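K.L.:
here is the input, now give the coordinates:
(one chain, ligands or ions: 2)
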Amino acid sequence: MAPVNATDVNGSKAYVPVKKTLPEVEENGKSSKGYSYETLVETANFLLSRTSVRPRIGVICGSGMGSYWKEGSLAENITDPECIPYEEIPNFPVSTVEGHHGRLVFGKLEGVPVVAMQGRFHYYEGYPLWKCCLPVRVMKLIGVQTLIATNAAGGLNPNYKVGDLMIVRDHINMMGFAGNNPLHGPNDERFGPRFPPMNKAYNLEYRKIAKEVAKEQGIDNIVREGVYTCLGGPNFETVAELNMLKMVGVDAVGMSTVHEVIIARHCDMKVFGLSLITNECVTSYDHDSEANHEEVLDVGRMRQDTLRQYVSRLVQRFASSDDASP
Ligand SMILES: O=P(O)(O)O[C@H]1O[C@H](CO)[C@@H](O)[C@H]1O
Ligand code: HPA
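P.N.:
Ligands and ions are numbered 1, 2, ... in the order given. This next block holds a predicted model:
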């Protein structure tokens, strides 16, 4: 295209388009160079060289899942643990959120080889979405077939109570509506297709098993099933925003998980999502309370035994169900 005339009708300078080659995806002024398939293979090989366990299930421990305190949390109950701090892992981001340890724990839960992320990466920490999800692709490269993504979330469904657990039936990718998607940019077919479907994001069989296990463990009165959404954070939502989300069918609100699930499904991992309802979303101007991160961590602590027992059994049941399926 020829440059437009540099003088517009009023005699001032008009816009002159400059011929540019498309850059690699740029986020916050940094290119996506570090995100190539080969780079992640390097990270995966590093982890394989430092560990003996070959996990088939990966668990992301959210704010409510004891990534901060030691005793009693899920990751602390992994047997024969091999722990690697994020700082030591090539190409890994580091966790900056209070409540998140920042390490990978390889080992066994109920005899099943797993890797747990004690601490995840959030968009509000300043990481682009693709970087928040980098560990999920690394998990895939080391052989993980199933992702269990847990999170702390605000309960928007009026029937939910603080301390309830919500099996994620589906999500609404609010950030994606604005064009912010972890798959944005060039697609590497070695991970998955350009246009992945997302209508079966949360594995149906796992959701059935999770309801059965809730009954067996006598916690079905606190286990719900619903729709999760992720907002960019870090501020909690306004009353108007929450009322809008309620209208479109959201049951629980958080600041994570959705992009991790998109990346996991893109590379054909099976996914299970679980939210711990840590606070009630305030949808009325008459209500005096305010959401805060301390409450989120406190409720996590309060529910840690239940969560540990529930997720450990889920790991074992998902693994046997996968063994049994053709
Ligand atoms: O989603 P996880 O990491 O569990 O944490 C949730 O809790 C924090 C807010 O208290 C936010 O990071 C939100 O996403
Ligand atoms: O109410 C909330 N909103 C967003 N994220 C959250 N994480 C825990 N609770 C909340």
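
K.L.:
helices and strands around the host helix or strand of S321, which ones?
P.N.:
In the assignment (DSSP states H and E), S321 maps to helix 304-324. Contact analysis of helix 304-324 by 3 or more CB pairs under 8 Å, 6 or more residues apart in numbering; DSSP states H and E lists strand 57-61, strand 103-109, strand 112-118, strand 146-155, strand 165-172, helix 204-216, strand 270-280 as its packing neighbours. For every residue, glycine as well, the C-beta is placed using N, CA and C.

K.L.:
so which of these comes closest to I84?
P.N.:
strand 103-109 (4.9 Å; CB to CB).

K.L.:
can you list contacts of the closest one?
P.N.:
Strand 103-109 is contacted by residues 47, 51-53, 55, 57, 59, 74-75, 77-86, 89, 113-119, 135, 311-312, 315-316 when judged by CB atoms under 8 Å, 6 or more residues apart in numbering.

K.L.:
give me that answer again for 6 Å
P.N.:
51, 53, 75, 78-85, 115-116, 118, 312, 315 (CB atoms under 6 Å, 6 or more residues apart in numbering).

K.L.:
cool, and stretch 124-138?
P.N.:
Residues contacting stretch 124-138 (CB under 6 Å, 6+ apart): 27, 35, 40, 43-44, 93, 96, 117, 121, 123, 182, 233-234, 259-260, 263-264.

K.L.:
now A149: how far from H259?
P.N.:
10 Å (CB to CB, to the nearest Å).

K.L.:
what's the answer for K161, then?
P.N.:
28 Å.

K.L.:
which of the two has more neighbours?
P.N.:
A count of neighbours by other CB atoms under 10 Å puts H259 above the other of K161 and H259, at 26 against 13.

K.L.:
what helix or strand is the more buried one on?
P.N.:
helix 258-266.

K.L.:
who in this structure is up against ligand 2?
P.N.:
Contacts of the chain with ligand 2, taken as CB under 6 Å from any ligand atom, map to 152-154, 236-237, 253-255, 278-279, 281, 291, 296.

K.L.:
now tabulate the residues you listed in a markdown table and tack on neighbour count and pLDDT.
P.N.:
Formatted as a markdown table, the residues of the chain next to ligand 2 follow (neighbours: other CB atoms under 10 Å; pLDDT from 0 to 100):
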| residue | neighbour count | pLDDT |
| --- | --- | --- |
| A152 | 25 | 96 |
| A153 | 33 | 98 |
| G154 | 25 | 98 |
| F236 | 19 | 98 |
| E237 | 19 | 98 |
| V253 | 26 | 98 |
| G254 | 24 | 98 |
| M255 | 25 | 97 |
| T278 | 28 | 96 |
| N279 | 21 | 97 |
| C281 | 26 | 97 |
| A291 | 17 | 93 |
| V296 | 23 | 91 |
